[in-house]
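[1] this one's structure only:
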């Protein structure tokens, strides 16, 4: 399924996270330390290995988990493009912190009777991302394989299921806690969806990638060939929100009439649909995400 431009275009925070997880997982795995990075009742409650709270959110404990985990992290970069690095970094921290809290609660409640260690890795972020993926990403195509019906989202779900069950209980519990964290974010617990980092922090985040250079307003207008004067019914507040959620325009291709019509039939304003498609290289799924996010504010 197409989820926007290839690579880490407009997704510097995801880029840094993927690279960090890959490097530390490989380095610790080479020295046999990856398996000792997860949370357990013995390690946290009795031995007070507090450092595991950090490693459990970054280090994958096996090669299969690393492969599927990095693929899903890379795929979900679409959400950073949708809401911007500022708000996405808040989502990442919220997911990791809440998942860790849920895992600690589970360890205390069940007291880890088998003395097993929960699998480490950014399960909180990965599985919390499945919540907006389920609710906000529309199915655009259906197809059949050996008589079974699949959508363009099916393979992402299959990759998530493989990761969730890769080590049974060790991965199932962190994955379930990640889903709970994602639901908490969607329900706007503590008003988390309104929180943004200060502008200085946001600027530092944006500088993680050379692709996140600022764009002058004149350049924005010339790329899309659309200005406020050219579109009389254009929503000024939407443009301001749009700039905050998607600071860069990645397209020089005018949206296709078919894509615009599809968004209009979904109930979106035609002018806003055109602007959304301009932002994401005419990708209807990513444009739908942006329009839905804008309507939720």
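    Yes, it's here. In this text, all values refer to a predicted model and were calculated from it rather than measured experimentally.

[2] residue boundaries of the strands in this protein?
    When assigned using DSSP state E, the strands of the chain occupy the ranges 142-145, 148-151.

[3] Low-confidence bits of the stretch 101-250 of the chain, can you list those?
    When the per-residue scores of the stretch 101-250 of the chain are filtered using pLDDT under 70, the ranges that remain are 112-116, 198-250.

[4] same thing but at 80, please
    Residues of the stretch 101-250 of the chain that meet the criterion pLDDT under 80 lie in 110-116, 140, 196-250.

[5] Could you pull out the helices in it for me?
    Assignment of helices within the stretch 101-250 of the chain using DSSP state H, counting those that start in this stretch yields the ranges 123-136, 154-164, 169-186, 199-206, 217-224, 236-245.

[6] Hey, what's the angle from the longest one to helix 154-164? Just curious.
    Okay, so that is helix 169-186. For helix 169-186 against helix 154-164, the angle between stretch directions is 130 degrees (axes from the mean of the first three to the mean of the last three CA atoms, to 10 degrees).

[7] which residues touch helix 169-186?
    Residues from elsewhere that reach helix 169-186 (CB atoms under 8 Å, 6 or more residues apart in numbering): 38, 61, 65, 91, 94-95, 98-99, 102-103, 106, 114, 116-119, 121, 123-132, 135, 160, 163-165, 192-193. For every residue, glycine as well, the C-beta is placed using N, CA and C.

[8] domain assignment for the chain?
    13-194, 214-295 (automatic domain parsing).

[9] okay, the ones you listed in JSON lines with mean neighbour count and distance to residue 6 next?
    Written out in JSON lines, the entries for these read as follows (neighbours: other CB atoms under 10 Å; distance: least, CB to CB, whole Å):
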{"stretch": "domain 13-194", "mean neighbour count": "18", "distance to residue 6": "10"}
{"stretch": "domain 214-295", "mean neighbour count": "17", "distance to residue 6": "10"}
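
[10] In TSV, list those along with distance to residue 7.
    Listed next are the domains of the chain as TSV, based on distance: least, CB to CB, whole Å:
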stretch	distance to residue 7
domain 13-194	9
domain 214-295	11
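
[11] picking that back up, using CSV, lay out the strands of the chain together with distance to residue 55.
    CSV is the format used below for those (distance: least, CB to CB, whole Å):
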stretch, distance to residue 55
strand 142-145, 39
strand 148-151, 36
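
[12] how far is stretch 128-143 from where the chain is centred?
    Its chain's C-alpha centre and that of stretch 128-143 lie 12 Å apart, by CA atoms, centre = their mean, to the nearest Å.

[13] Check stretch 129-145 too.
    That offset, for stretch 129-145, works out to 14 Å (CA atoms, centre = their mean).

[14] cool, and stretch 131-149?
    The gap between where stretch 131-149 is centred and where its chain is centred comes out at 18 Å by CA atoms, centre = their mean.

[15] so who does residue 165 touch?
    Listed by CB under 8 Å, 6+ apart, the contact set of residue 165 reads 171-172.

[16] how near is it to residue 182?
    18 Å (CB to CB, to the nearest Å).

[17] Repeat that for residue 170.
    Spatial separation of residue 170 from residue 182 under the definition CB to CB is 20 Å.

[18] Can you name the residues that contact the closest residue in space to residue 129 that isn't next to it in sequence?
    Spatial nearest neighbour of residue 129, excluding adjacent residues (CB to CB, 6 or more residues apart in numbering): residue 76 at 4.2 Å. Shown here is residue 76, whose contacts under the criterion CB under 8 Å, 6+ apart are 14, 125-126, 129, 133.

[19] cutoff 10 Å now
    3, 11, 14, 88, 125-126, 128-130, 132-133, 156 (CB atoms under 10 Å, 6 or more residues apart in numbering).

[20] Next: residue 100.
    Residue 100 makes contacts with 39, 52-54, 56-57, 124, 174, 177, 181, as judged by CB under 10 Å, 6+ apart.

[21] 7 Å instead, please
    Listed by CB atoms under 7 Å, 6 or more residues apart in numbering, the contact set of residue 100 reads 53, 56-57, 124.

[22] from the residues you listed, which is closest to residue 81?
    Taking CB to CB as the measure, residue 81 lies nearest residue 124 of these, at 20.6 Å.

[23] pretty sure the closest one contacts residue 99?
    Yes - in terms of CB atoms under 7 Å, residue 124 counts as a neighbour of residue 99; the distance is 2.7 Å.

[24] Kindly state the pLDDT recorded for residue 282?
    For residue 282, the pLDDT comes out at 81.

[25] Since that was my last question, I'll sign off now.
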